[in-house]
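K.L.:
Model the following, please.
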Amino acid sequence: MTKTNILVVEDDADILELVKYNLSREGYQVATATTGEEALKSARSKQFDLILLDLLLPGIDGLELCRIMKHDSKIAHVPIIMVTAKGEEADIVAGLELGADDYMTKPFSPRVLLARVRAVLRRRSEPTADKTAPIKIDDLVIHPGRREVSINGKPVDLTFGEFQMLYHFVNRPGWVFTRYQIVNAVHGEDYPVTDRSVDVQIVGLRRKLGNFGKYIETVRGVGYRFSDSARRVRG
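P.N.:
All right, here's what the predicted structure looks like:
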């Protein structure tokens, strides 16, 4: 079986060695880079399944490197997990809006690291779903073809924006979305909606979903996600 190739971009020698050791022990093939320039050259010359990217790098910093990679058609498909210091909420939001798939804050445990890596790789390997098939989460049924939502067989009256928001969430359980990303998914780019408007819509959507509203989780300082603990079945 072909090993999963991961590129770890980190300029702290101790953290780099810790991450490399734990990933290698799990059977991953690990390459490393300590600068943004080195990472970009490596990503463009080899095929990677995942990139772990520190934000504070010498030369090209992590945010700029993420932007460059996501605009390069040869490597834009490679998922990126950002690694950042605690409290850098603005950087986390910026990274997610640039296309990063997830983030971790320092310090982190090896178990959390491996769990995040497995989760991102699992999402990327999932087959493309039939976008017209209904999605069932216990007694909650979302029918994208009919644009209908029901709970225990009773229809739930959602606005256009609320339905789009819910459908966007359930298609990527566990993924964190910034308010800006949510607005883009629901209304398209450059739509004049404030962060507060998104929060109000979330409150309304949670209320209409009743007990299922708990699955829409707030990620403080970043945005929202749909819990990946929900038992989701398509079709």
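K.L.:
buried stuff in stretch 60-80?
P.N.:
Residues of stretch 60-80 classed as buried: 60, 62-63, 65-70, 75, 78-80 (neighbour count, 16 or more other C-beta atoms under 10 Å). (C-beta placed from N, C-alpha, C; glycine too.)
K.L.:
what sits up against stretch 155-172?
P.N.:
123, 129, 135, 137, 142, 144, 147-150, 177, 182, 185-187, 201-202, 204-205, 208-209, 216, 224-226, 230, 232 (C-beta atoms under 8 Å, 6 or more residues apart in numbering).
K.L.:
any weak-confidence spans in the protein?
P.N.:
1-2, 86-87, 125-131, 187-195, 231-235 (pLDDT under 70).
K.L.:
Can you show me the helices along it?
P.N.:
Under the criterion DSSP state H, the chain contains helices at 13-25, 36-45, 62-70, 89-98, 110-125, 160-170, 179-187, 195-209.
K.L.:
Using TSV, lay out the ones you listed together with distance to residue 154.
P.N.:
Below are these laid out as TSV (distance: least, C-beta to C-beta, whole Å):
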stretch	distance to residue 154
helix 13-25	47
helix 36-45	50
helix 62-70	42
helix 89-98	35
helix 110-125	31
helix 160-170	16
helix 179-187	24
helix 195-209	12
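K.L.:
Just name the most buried of those.
P.N.:
helix 62-70 (a mean of 21; mean count of other C-beta atoms under 10 Å).
K.L.:
Just list what it packs against, helices and strands only.
P.N.:
On a contact count with 3 or more C-beta pairs under 8 Å, 6 or more residues apart in numbering; DSSP states H and E, helix 62-70 meets helix 36-45, strand 50-54, strand 80-85, helix 89-98.
K.L.:
how big is the angle separating that helix from helix 89-98?
P.N.:
Helix 62-70 runs at 0 degrees relative to helix 89-98, counting by axes from the mean of the first three to the mean of the last three C-alpha atoms, to 10 degrees.
K.L.:
Tabulate the CA atom coordinates of helix 62-70 in PDB.
P.N.:
This file holds the C-alpha atoms of helix 62-70, laid out as PDB (Å, rounded to 0.1, in the frame of the first residue of the first chain):
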ATOM      1  CA  GLY A  62       2.600  30.800   6.600                       C
ATOM      2  CA  LEU A  63      -0.300  32.900   5.500                       C
ATOM      3  CA  GLU A  64       1.400  34.100   2.400                       C
ATOM      4  CA  LEU A  65       2.500  30.600   1.600                       C
ATOM      5  CA  CYS A  66      -1.000  29.300   2.000                       C
ATOM      6  CA  ARG A  67      -2.300  32.000  -0.400                       C
ATOM      7  CA  ILE A  68       0.400  31.100  -3.000                       C
ATOM      8  CA  MET A  69      -0.300  27.300  -2.700                       C
ATOM      9  CA  LYS A  70      -4.100  27.800  -3.000                       C
END
